[in-house]
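Asks: Need a 3D model of the sequence below.
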Amino acid sequence: MVSVLPQLTELKGVALNLLFPRFCVGCGREGDFICSPRQASLVRIESPACPKCGKPQKNGMLCSSCVAWQAEIDGMRSPFRFEGVIRQAIHEFKYRNLHAIALKLAQLLSNYLVENPISCDVLIPVPLHNKRLRELGHNQSGLLAKESSRLTGLKVNKNCLMGSRHNLPQARAGSVEERRQNVMGIFSCRNDGLRDKKVLLIDDVATSGATLNACASALKAVGVPSVWGLTLAREI
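Replies: Numbers count the residues shown, from 1 in each chain. Below you'll find the model as predicted:
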């Protein structure tokens with residue numbers, strides 16, 4: 001008996017595209033949220049890079065910032081610089097509720113992982129405090145982790161890590177030190193079977209890396225041996 005599921009899935013996709021056509025956030029061309037020419041133009045973060053924070057570093061050694069900062073997180077990586085089309089895509093996703101773009105953005109993350117493997121057992125999205133979640137209406141990191149899980153086969157645990165204290169959004173914090181102070185101790189973690197698991201944190205943007213590091217601190221406090229962070233983009 002021939003299965004009709006693939007055909008039904010294809011028809012469903014066609015129907016959704018007719019009802020909600022996709023337009024490139026960069027140029028407005030219909031077809032995809034980031035068209036092929038705009039995707040090719042995304043500014044990548046190339047090697048060599050600091051092995052800790054992932055910022056470009058000519059000699060591939062620890063940058064001066066990471067030497068001075070005794071961070072808990074094992075490493076952070078991002079495919080792109082936070083500028084141009086990727087910045088616009090994240091803005092539409094985060095602040096204008098373009099949830100449908102999550103799959104496209106997760107594809108960019110999974111493509112990066114194929115080319116730059118990070119050893120991990122589980123994906124964990126950076127959580128939002130309930131107050132911030134009500135303000136935004138969604139957790140963009142959770143949507144990214146969900147779609148990334150479908151593409152990579154890695155499981156998602158979205159219930160173990162929590163925002164235990166409301167803080168000023170990082171975008172409004174000033175210096176690097178102020179950002180680190182702003183997120184210090186704001187996350188808590190239930191073990192939830194994570195002991196001896198390698199964790200990959202998922203978020204949209206890294207600036208100072210303070211939020212990812214605060215998450216890593218909470219995770220390591222319950223016995224997680226390895227925590228890396230992966231974001232779509234990084235401020236350089």
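
Asks: Just the CA coordinates for stretch 55-63, please, in PDB.
Replies: C-alpha atoms of stretch 55-63 as PDB (Å, rounded to 0.1, in the frame of the first residue of the first chain):
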ATOM      1  CA  LYS A  55      35.500  36.000  18.600                       C
ATOM      2  CA  PRO A  56      38.000  36.400  15.800                       C
ATOM      3  CA  GLN A  57      41.500  36.200  17.100                       C
ATOM      4  CA  LYS A  58      44.500  36.300  14.800                       C
ATOM      5  CA  ASN A  59      46.600  33.800  16.600                       C
ATOM      6  CA  GLY A  60      43.800  31.500  17.700                       C
ATOM      7  CA  MET A  61      44.800  31.900  21.400                       C
ATOM      8  CA  LEU A  62      42.600  33.100  24.300                       C
ATOM      9  CA  CYS A  63      41.700  36.700  23.800                       C
END
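
Asks: Buried residues of that stretch, list them for me.
Replies: 55, 57, 63 (16 or more other C-beta atoms under 10 Å). C-beta coordinates here come from the backbone N, C-alpha and C atoms, glycine included.

Asks: go on, stretch 68-86?
Replies: 69, 71, 73-82, 85-86.

Asks: what's the answer for stretch 138-153, then?
Replies: 139-149, 152.

Asks: ok so, going back, filter the buried residues of stretch 68-86 down to just the ones in strands.
Replies: 75-77, 80-81 (DSSP state E).

Asks: Can you redo these as JSON lines, where the extra columns are pLDDT and distance to residue 124?
Replies: Output for those, formatted as JSON lines (pLDDT from 0 to 100; distance: C-beta to C-beta, whole Å):
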{"residue": "75", "pLDDT": "98", "distance to residue 124": "15"}
{"residue": "76", "pLDDT": "98", "distance to residue 124": "14"}
{"residue": "77", "pLDDT": "98", "distance to residue 124": "15"}
{"residue": "80", "pLDDT": "98", "distance to residue 124": "21"}
{"residue": "81", "pLDDT": "98", "distance to residue 124": "24"}
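
Asks: Can you tell me which of the residues you listed is closest to residue 186?
Replies: The closest of these to residue 186 turns out to be residue 76 (C-beta to C-beta; 18.1 Å).

Asks: In the sheet, which residues pair with the closest residue to the closest one other than its chain neighbours? Tell me.
Replies: Nearest non-adjacent residue to residue 76, counting by C-beta to C-beta, 6 or more residues apart in numbering: residue 229, 4.2 Å away. Beta bridges link residue 229 to residue 76, residue 201, judged by DSSP bridges.

Asks: Contact partners for residue 139?
Replies: Residue 139 makes contact with 125, 127-128, 133, according to C-beta atoms under 8 Å, 6 or more residues apart in numbering.

Asks: If you could redo that for residue 188, that was the one I meant.
Replies: Contacts of residue 188 (C-beta under 8 Å, 6+ apart): 161-162, 164, 218.

Asks: mean confidence for whichever strand or helix holds it?
Replies: Assigned by DSSP states H and E, residue 188 falls within strand 187-189. The average of the pLDDT scores along strand 187-189 is 91.

Asks: Kind regards, and thank you for your time.
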